[in-house]
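Undergrad: Sequence plus predicted model, see below.
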Amino acid sequence: MIILIILAVVATFGLAYLIVKYLPLKYKWIVSIVLLLLGAFLVFKIYDGIMKPINFNKDKRVKYVKVIQNLKIIRDAELAYYKVNGNYTDNKDGLIQFIDSAKFAITEVRDTVIKVNKGSRWQPVIVDVEKRVVDTIGYEPILKSFEGKDYKNMFNVPGVEGKQFDLVIGLVEKIAGLQVPVFEARTEKKDLLKGMDVSLVKQEMEAIESDQIKGEYVSVGSLNEVTSGGNWPPSYDKANREEENDK
């Protein structure tokens with residue numbers, strides 16, 4: 001786009017030169033008006049060509065920040081579920097119900113000394129052995145960790161009517177013979193950016209820079225590696241914190 005505009009400007013100046021040199025004087029005022037209008041059009045196109053990607057980036061960022069906020073709540077819910085049950089879940093309604101009703105065990109770790117026979121039954125050798133004991137001293141509702149968070153609507157994709165995040169669970173072999181539970185929640189960028197400039201949306205879908213959300217999805221977790229992180233750069237975490245502080 002910018003190259004085409006530059007070529008148009010060069011062509012306009014060339015045309016103006018030819019007109020001044022060869023066109024009869026009585027027609028020059030007409031051409032001057034045409035050139036003035038053409039110049040104004042080119043200025044507008046240059047401005048639009050510069051501002052369009054800037055405004056696109058601002059608008060997409062606003063959309064992404066809201067989406068990431070929900071993905072973080074989903075991640076927190078899955079991690080809480082894993083802490084209690086030892087695995088993840090793809091049951092969306094069940095995960096919301098889990099937050100409403102489940103409890104964390106509050107534990108206390110203490111060291112104690114016990115007597116252990118290091119000898120035999122007939123020739124006992126009693127020694128003191130230090131042992132670490134974990135006691136459950138109470139329970140805390142998981143709901144307490146989600147105060148102020150709209151977990152009831154965490155699966156609804158902000159700004160996209162009737163769409164929910166995809167939620168999938170699986171297993172990843174961390175080391176030979178050891179499979180670890182994993183989860184992934186995601187939504188397509190193209191749905192979030194619907195109605196925006198087509199060429200800029202296409203570029204966004206192919207983003208690979210470190211300061212951008214890479215690929216076609218905004219996601220948290222992974223089905224290919226053991227992680228509960230999101231695929232967004234740190235700048236979006238800062239934006240989320242600022243939005244939460246403004247509330």
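TA: Yes, it's here. Residues are numbered from 1 along each chain as shown.

Undergrad: Give the next helix or strand downstream of the longest helix seen in the chain.
TA: For the chain, the longest helix by residue count, based on DSSP state H, is helix 25-85. Once the chain leaves helix 25-85, the next helix or strand it forms, by DSSP states H and E, is helix 92-101.

Undergrad: Mind giving me the packing neighbours of that next one?
TA: Helices and strands touching helix 92-101, as assessed by 3 or more CB pairs under 8 Å, 6 or more residues apart in numbering; DSSP states H and E, comprise helix 25-85. (Each C-beta comes from the backbone N, C-alpha and C, glycine too.)

Undergrad: Show the contacting residues for residue 70.
TA: By CB atoms under 8 Å, 6 or more residues apart in numbering, the contact set of residue 70 is 150, 153-158, 165.

Undergrad: burial of the residue lying closest to residue 236 once chain neighbours are set aside, as a residue count?
TA: If you skip the residues right next to it in sequence, residue 236 has residue 68 as its closest partner in space, 5.3 Å away by CB to CB, 6 or more residues apart in numbering. Counted with other CB atoms under 10 Å, the neighbours of residue 68 add up to 23.

Undergrad: Look up how far residue 51 lies from the closest residue to residue 233 other than its chain neighbours.
TA: The spatially closest residue to residue 233, leaving aside those adjacent along the chain, is residue 211, at 5.1 Å (CB to CB, 6+ apart). If you measure residue 211 against residue 51 using CB to CB, to the nearest Å, the figure is 20 Å.

Undergrad: who's in contact with residue 140?
TA: 103-104, 106.

Undergrad: and which of the contacts of residue 70 is nearest residue 199?
TA: Within those, distances to residue 199 taken as CB to CB reach their minimum at residue 157, with 23.6 Å.
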